[in-house]
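S.K.: everything below, folded, please.
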Amino acid sequence: MTLILPLLRCPDHYELENKSKVTALEALVISLCRLRYPNRLCDLVEVFGRSSSMLSRISNIFLKDVQERSCNILQLLSSEYIDCSELANAVRRATPLANCIGFLDGTVRPIARPSNDQEAVYNGHKRTHALKYQSLMLANGIIIIDGPFEGRRHDSFLLRESGLMQRLRELPLSHDGSRYLVYGDPAYALQQQVICPYPTVNITQEQQLFNENMSKVRQSVEYGFGKVLQNFSFVDYKKKSKTLSASPRPTISLCCAIYKHTYMYVWIYHEHFTEVSVTKCKYVSCWNVVVT
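M.R.: The predicted model follows:
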């Protein structure tokens, strides 16, 4: 825990609304325990020796501080810290697609039914009120995440509003002079740097084989979502998830991605990509540049 705090650039102490102070280490431990499982606050009183209201204040102020410091690094896609050629070579060994560095997908996270503007967050496909996130899973396990967005929005809207296409265009060209690209599901339209499966109607055997091969490898992006939810079950607790204006809790998904992929150095590897890795010091230097 003490090794994580310097990377978070947290202050030594946090001052709460009632003028009480808590150390950054205690705030980190309380927040991680809170995110690990949707415990009731009263269940944590005996563990930390603080009242439930104090535990709530501590976790909220800590997560808000981390979110404000880490909002930029979640969308960071820079060749200075990511070797695109290495990622493309890893994907090329497992698929017939060249210059592909990752896999794009969106996820729907159910939330409690809001009192106002229910239509804005209602997802007709899942038939629930929700918030949506867009994730780009790179071949080395790093997640580039954008959101949250209103649950009614289509994945194409998320792609356009996230600015991911502009970040992909800013990457250097590959060794053959072409641009790096990402692979998405049929929900995305075919674009210069976004490749989609062939339509399932009237396709050749080679095209069908391409779809099958890419579908197997594209599952890695689902593993990324699954790992975050598995390790931080609080994010998947519908009753505690609120709309964008009602509560800061929608940002917990972003904080979980930071905790898991930046501070704890626990990488999610797909079986096809075991040869690709990102060094700890390289990722730490990425963090230092963003928050300085």
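
S.K.: can you pull up the most central residue in the chain?
M.R.: Closest to where the C-alpha atoms of the chain average out (Cα atoms, centre = their mean) is Ile145, at 4.0 Å.

S.K.: tell me the secondary structure for it?
M.R.: Put simply, Ile145 is strand when judged by DSSP: H, G, I helix; E, B strand; the rest coil.

S.K.: which residues of this structure fall in strands?
M.R.: Using DSSP state E, the strands of the chain run over 13-15, 21-23, 100-110, 122-123, 128-138, 143-150, 181-184, 194-195.

S.K.: paired strands for the last one, with orientation please.
M.R.: To tie it back to what came earlier, the one meant is strand 194-195. Partners of strand 194-195 in the sheet, by DSSP bridges, are strand 181-184 (parallel).

S.K.: state the mean pLDDT of the strand it pairs with.
M.R.: Averaged over strand 181-184, pLDDT sits at 90.

S.K.: is it correct that the residue nearest to the centre of the chain is in contact with Gln134?
M.R.: Yes: Ile145 lies in contact with Gln134 (Cβ atoms under 8 Å); the separation is 7.0 Å. Yep, even glycine has a C-beta here, placed from its N, CA and C like the rest.

S.K.: so for those two, which residues contact both of them?
M.R.: Taking Cβ atoms under 8 Å, 6 or more residues apart in numbering as the contact rule, Ile145 and Gln134 have no neighbour in common.

S.K.: returning to what we had before: most tightly packed of the strands of the chain?
M.R.: Greatest average neighbour count among these goes to strand 181-184 (a mean of 24), per mean count of other Cβ atoms under 10 Å.

S.K.: before we move on, back to that, any idea what the residue nearest to the centre of the chain is bridged to?
M.R.: For Ile145, the beta-bridge partners are Ser135 (DSSP bridges).
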